[in-house]
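Novice: Quick one, structure for this:
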Amino acid sequence: MSRLTAFMLVAAEAWEKMQEKMKSIGAKSSTVRRKVASWAKEVGLQTNLSKMEGNGAVARKPMNYRLAKKLVFRKVRKALGLDRCTKCYTGAAPITKDTLEFFLTFRLTSCGKVIPGCETRIFKPDEEGNGEICFWGRHVFMGYLNMPEKTAEALDADGWLHSGDLGKHDTQDFLFITGRIKELIITAGGENIPPVPIEDALKEAVPLISNAMLIGDKRKFLSMLLTIKCEVNSETGAPEDELTAEALEFCRKLGSSSTRVSDLAGGRDRLVHAAIQEGVTRVNERASSNAQRVQKWTVLEHDFSITGGELGPTMKLKRPVVMKMYKEQIENFYKEVPSPTTPDAQLPPK
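Specialist: Predicted coordinates:
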């Protein structure tokens, strides 16, 4: 295995898939190993959070962390080929808080604050403060050589670079990326909805879910396509029907005997269906408006993959491709508009 010595930059989706695989392997470990790993991760997370907050207690009580590092962290980093890597970055899309905390790298999904000599602003923010992230400063390029039209698209008259990313500042001026403008869903009612925060919220609420894609552009309500965590063919990279160890554990806790994706797709397992709907309901409760509530959803027969065409080389979701591939399922959502009192309109067969 090649070993990185400086830094690694990969898309958020790649980190999430790495996390998923590590959890799957961990679920197959013995009870003792799982307990030790769980303890070590908690120690590491709290240590890193304290360091970031400038808490001197970390320096006074390093024994737990050093023990966790020896028993767990060094072995895991070596297995990942990151034992010599000094910096790890994520980009191309927002990364979930759960994934960040899993790798013990950062506490929040913010990009931090603006450094001296640079400026950022949010262009045309909505009621929640979300808008296009723009940059200004000496670090911004002057334009594309001999391409005035492209330059005009990227840079405005005042020299601000329009990134195409959606984001917002919090009350302390930390910058958060919430999605891409080209991914923005504009409902039939004219409401702008970034899909990624809703998709990530559901994946965190229901760990069984591998991929989630929000639908609703020019539609009267939101719907969602879901896939289940499954084993992947090591040679072809194609998703298989067998559930991952993490997914199996999730089902067992519900009292479900399902072992395959085909046991769950289309609402075939009532216990799992109810658990997913409960997660959807929890996410909907946090929605800032009725337009941002997911009213219909379905579990697909196969997970998204690079070989299947739904994901790009960096594991990024190819939304237009998915829209075409699953056109029939999507149109079924909108054949009959559900009653506002029954958001969980996608029911399993009896």
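Novice: which stretches of the stretch 201-350 of the chain form helices?
Specialist: All helices of the stretch 201-350 of the chain, identified by DSSP state H, counting those that start in this stretch, fall at 245-254, 270-285, 319-325, 327-333.
Novice: Now find how far off-centre the third one is within its chain.
Specialist: Spelled out, that is helix 319-325. Helix 319-325 sits 19 Å away from the centroid of its parent chain (Cα atoms, centre = their mean, to the nearest Å).
Novice: And the second one, by the same measure?
Specialist: With Cα atoms, centre = their mean as the basis, helix 270-285 stands 18 Å off its chain's centre.
Novice: Report the buried residues of it.
Specialist: Using 16 or more other Cβ atoms under 10 Å as the test for burial, helix 270-285 gives 271, 272, 273, 275, 276, 277, 279, 280, 283, 284. The way it works is simple: take the backbone N, C-alpha and C, and place the C-beta from them, glycine included.
Novice: neighbouring contacts of it?
Specialist: 198, 201-202, 205-206, 208-209, 224, 226, 250-251, 254-256, 258, 264, 267, 293-294, 297, 299, 343-344, 347-348 (Cβ atoms under 8 Å, 6 or more residues apart in numbering).
Novice: quick one, it and helix 245-254 angle?
Specialist: Here the directions of helix 270-285 and helix 245-254 differ by 100 degrees (axes from the mean of the first three to the mean of the last three Cα atoms, to 10 degrees).
Novice: Convert the C-alpha atoms of helix 270-285 to PDB, please.
Specialist: Below are the C-alpha coordinates for helix 270-285, written out as PDB (Å, rounded to 0.1, in the frame of the first residue of the first chain):
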ATOM      1  CA  ARG A 270     -42.700  -3.300   7.800                       C
ATOM      2  CA  LEU A 271     -40.300  -2.900  10.800                       C
ATOM      3  CA  VAL A 272     -37.600  -1.200   8.700                       C
ATOM      4  CA  HIS A 273     -40.100   0.800   6.800                       C
ATOM      5  CA  ALA A 274     -41.500   2.200  10.100                       C
ATOM      6  CA  ALA A 275     -38.000   3.000  11.300                       C
ATOM      7  CA  ILE A 276     -37.200   4.900   8.100                       C
ATOM      8  CA  GLN A 277     -40.500   6.800   8.300                       C
ATOM      9  CA  GLU A 278     -39.700   7.700  11.900                       C
ATOM     10  CA  GLY A 279     -36.400   9.200  10.800                       C
ATOM     11  CA  VAL A 280     -38.200  11.100   8.000                       C
ATOM     12  CA  THR A 281     -40.700  12.500  10.500                       C
ATOM     13  CA  ARG A 282     -37.900  13.600  12.800                       C
ATOM     14  CA  VAL A 283     -36.200  15.400   9.900                       C
ATOM     15  CA  ASN A 284     -39.500  17.000   8.900                       C
ATOM     16  CA  GLU A 285     -40.000  18.300  12.400                       C
END
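Novice: right, and residue 178 touches residue 199 too?
Specialist: No. Counting by Cβ atoms under 8 Å, residue 178 stays clear of residue 199, with 11.5 Å between them.
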